[in-house]
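>>> Requesting a structural model of the entry that follows:
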Amino acid sequence: MPDGRPKKQKPGSGASPASQGATTGFEAELWQAANTLRGSMDAAEYKHVVLGLVFLKYVSDAFEERRAELDGEIDEGADPEDPDEYRAHNVFWVPPEARWAELKADARQSYIGETVDEAMEAIERANPALKDVLPKDYARPVLDKQRLGQLIDLVSNIAIGTAEARSKDVLGRVYEYFLSQFASAEGKRGGEFYTPRCVVKLLVEMIEPYRGRVYDPCCGSSGMFVQSVEFISAHATGNGNGGAQPQGTRRDISIYGQEANYTTWRLAKMNLAIRGIEGQIAQGDSFHNDLHPDLKADFILANPPFNISDWGGDRLTDDKRWRYGVPPKRNANFAWVQHMVHHLAPAGIAGFVLANGSMSSQQSGEGEIRKNLVEADLVDCMVALPGQLFYSTQIPACLWFVARDRQRAGEILFIDAREMGAMVDRTHREFTDDDITRIADTYHTWRDSSAGYADAPGFCKAVTLEEIRRHEHILTPGRYVGTKPREEDDEPFEEKMRRLTAKWREQQRESARLDAVIEANLDSLGF
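Modelled structure (predicted):
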């Protein structure tokens, strides 16, 4: 320690995390406050600072909550100082010098950067799953220590790792929002954002990854893997949509992922480690350095960055993955599609998000690639999504489902979900659980030809390849599902006109009354 840095006593066991939970819109407020502390620091550097502290707060919150439980069980033999008491509940052991109370106590000290670095190092030593994952450069001279202390005070005011916060996915929401804002600040929107939980849940519910190898070639913060494990847990305990019969356990799936962005890759590792999930998550570009070259996955889940133009396609024109056509050099959408098809096992299924243009574009050979995928009988289902689902892009999106061992060969299911979902704030929409159940059940009913599937005008339709050919292999659901039937109006015309006329006259009278009140008020004010 540097001269003047005091030795500190071991903190007491009564420390408790902040009590605030997640509320809609708090991410924007937290971002605004944190961003004011950035000063002249580049956004690419600052995100390491902020996201590292957010993760440390998450770990500490979960630790303190578990510690409080153990304090209440001492008479039953519990030991709050036994690391195994925490690991058994998928909670990281946080050494005394790494606990948030220590950071907060030092927040206004000149050596706060060293306190944070030592906390990160101590947590990595105590938890091998986090080795080389946490940022450890808070003591560097260019980082303003006063602003760092203010940031610690700010993060202290939110609960991130408590059971309540975990149920609301506060960590995911903070990371989702912050990553989108950092991408904007860095002048790029290359899709570096956390996929909304409701979209991930819908993908998982539709492809049902009970057993086998699950792969995501652009895994971001590992949300697809987390939701896959939660799906299995829900169904194994009879709490999911699939009924009470257990279908598998988390040990029945193997996780493989790759992420090009180093910061996001570290987040992915943290995200899995927090939940006690093991997986082979590689860091690198899936197109130019495929680190799972021989993998044939049973399930693929992905949300590739939309429409990226700088993916280096000019260096991959002869790649073996492009069986259905060379993707355009200025748009990677169909490079992602073919990369995933390449990695599908003989009975594999993939569900992924793409920009709406992928369903109809005829530019630069995209229409020909889409035609070849359809004619190879790989496309299983298309889902049109509503707008405002994603924080960091307003580009309309859709879901593709492709399968090698299709249950309904020669036919594609189209689902139009554009009118579904509920607004959770002024700009953000989410699917409800009922929405997810309806879409997923429709898909499963259609795939099981004996289950009595029926088209629903305006919502879903099973379409033959012959009809799709007539539409030049365009896969936009709205083109096929038709319109929702109009509700029958059995009110006689004369009765309706009398009712509406009476209502109109009543509104006219009320309008005249309000005009008179306003005029009188203006007169009394001398206007």
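>>> Number of residues surrounding residue 459?
19 (other C-beta atoms under 10 Å). The way it works is simple: take the backbone N, C-alpha and C, and place the C-beta from them, glycine included.
>>> Make residue 1 into 338 and carry on from there
Taking 338 as the first residue, the last one we looked at is residue 796.
>>> got a list of what it touches?
By C-beta atoms under 8 Å, 6 or more residues apart in numbering, residue 796 lies in contact with 752, 753, 779, 818, 821.
>>> Repeat that for residue 479.
Here residue 479 is in contact with residue 378 (C-beta under 8 Å, 6+ apart).
>>> and it, helix, strand or coil?
Counting by DSSP: H, G, I helix; E, B strand; the rest coil, the backbone at residue 479 sits in coil.
>>> any idea what sits nearest residue 815, other than its immediate chain neighbours?
For residue 815, ignoring the flanking residues on the chain, the nearest one in space by C-beta to C-beta, 6 or more residues apart in numbering is residue 753 at 5.6 Å.
>>> All the strands of the stretch 388-537 of the chain, in order from the start?
In the stretch 388-537 of the chain, no segments count as strands under DSSP state E, counting those that start in this stretch.
>>> next one: the chain
Assigned by DSSP state E, the strands in the chain fall at 549-553, 590-596, 617-620, 634-639, 681-692, 716-721, 734-740, 748-753, 759-760, 766-767, 797-801.
>>> mind checking the longest helix of this protein?
For the chain, the longest helix by residue count, based on DSSP state H, is helix 830-861.
>>> Give me the average confidence score over it.
Mean pLDDT, computed over helix 830-861, is 88.
>>> same thing with stretch 384-393?
Per-residue pLDDT over stretch 384-393 has a mean of 82.
>>> and it, how far out from the chain's middle?
Relative to the centre of its chain, stretch 384-393 is centred 18 Å away, using C-alpha atoms, centre = their mean, to the nearest Å.
>>> Pull out the buried positions in that stretch.
Within stretch 384-393, the residues that count as buried by 16 or more other C-beta atoms under 10 Å are 384, 385, 386, 387, 388, 389, 390, 391, 392, 393.
>>> got a list of what the fifth one touches?
To tie it back to what came earlier, the one meant is residue 388. Neighbouring residues of residue 388 by C-beta under 8 Å, 6+ apart: 472, 512, 515, 600, 604.
>>> From residue 547, how far out is the first one?
Shown here: residue 472 relative to residue 547, a distance of 36 Å by C-beta to C-beta, to the nearest Å.
>>> coming back round to it: bridged to the residue nearest to residue 815, which residues?
Applying DSSP bridges to residue 753 gives these bridge partners: residue 721.
>>> so who does it touch?
Contacts for residue 753 (C-beta under 8 Å, 6+ apart) come out as 721, 795, 796, 797, 814, 815, 818.
>>> Next, format the residues you listed as CSV and append pLDDT and distance to residue 650.
Output for these, formatted as CSV (pLDDT from 0 to 100; distance: C-beta to C-beta, whole Å):
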residue, pLDDT, distance to residue 650
721, 97, 27
795, 96, 38
796, 97, 37
797, 97, 35
814, 98, 28
815, 96, 30
818, 96, 33
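>>> Of those residues, just the buried ones, ChimeraX syntax please.
The buried subset of those, as determined by 16+ other C-beta under 10 Å, is captured in ChimeraX by this line:
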select :721,796,797,814,818
